[in-house]
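Asker: Sharing a model that was predicted from the sequence below.
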Amino acid sequence: MIQHTGAYAASTGIPSQRARARSRGRLLRDLRERGGRGPRTLTFAAGDLVVVSGLPGSGKSTLMKRAAQGSGIDSQDARERWEARMPRLLPYAVYRPLVRIAHYAGLRRALRSGASLIVHDCGTQSWVRGWLAREARRRGRALHLLLLDVTPDTAKAGQHARGRGVSAYAFARHRRAVGRLLRAAESGTLPHGCASATLLDRDAADVLRRIGFRQAA
């Protein structure tokens, strides 16, 4: 029996044979290796928080733009706003701290509103997940992890396609951090504060059309 976590997949009727119940009501749902036959919708309880993690170039921002339905908080959006205001030849590294401040200030405002949110997380900032977990507990709601599992080559191709890459050093840090998250989830140890984790490969992410929240009672 799968224990209730406040999240469910509305799909084509394919059974969640790879979903496994964990202790204390925490759930791992593995949607990888389905050849694109996974759910088109993931729905969570009203007031819950969802964090989307994965390698740079794995498709986090693309997924959020398509599926978040106005509930997404993505650091990429803050970066694009600042890039539009800065001289074209000014390196991003110069104003990166300002982008991060703007992003986290916007996230703080959104959290204070009490709204259901889907938050972009690069995977290396464990304190962000801790912040979201504390906020979920304060609300009496749950935090859920969506983890994109793609190969390093696929992620690098994604970076190339968007015209933005990260240094070899930064990419190695991301690989280690995301690898730890993935290994922990596969072993049944979800990140601290997470009520559930959903693993997505590129095919599963591509067919996902909506990440939503049920209406409050």
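Answerer: Noted; the coordinates are in hand.

Asker: all strands for this protein, in order.
Answerer: Remark: strands assigned in the chain by DSSP state E are 7-10, 20-21, 27-30, 41-44, 49-53, 72-73, 117-121, 143-148, 194-200, 210-213.

Asker: Contact partners for I118?
Answerer: Neighbour list for I118: 49-52, 64, 68, 71-73, 211 [criterion: CB atoms under 8 Å, 6 or more residues apart in numbering]. All C-beta spots, glycine's among them, are computed from the backbone N, C-alpha and C.

Asker: Can you convert these into JSON lines and add a column each for pLDDT?
Answerer: Formatted as JSON lines, the contacts of I118 follow (pLDDT from 0 to 100):
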{"residue": "L49", "pLDDT": "97"}
{"residue": "V50", "pLDDT": "97"}
{"residue": "V51", "pLDDT": "95"}
{"residue": "V52", "pLDDT": "95"}
{"residue": "M64", "pLDDT": "94"}
{"residue": "A68", "pLDDT": "93"}
{"residue": "S71", "pLDDT": "91"}
{"residue": "G72", "pLDDT": "94"}
{"residue": "I73", "pLDDT": "94"}
{"residue": "I211", "pLDDT": "95"}
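
Asker: tally of neighbours for R214?
Answerer: Counted with other CB atoms under 10 Å, the neighbours of R214 add up to 15.
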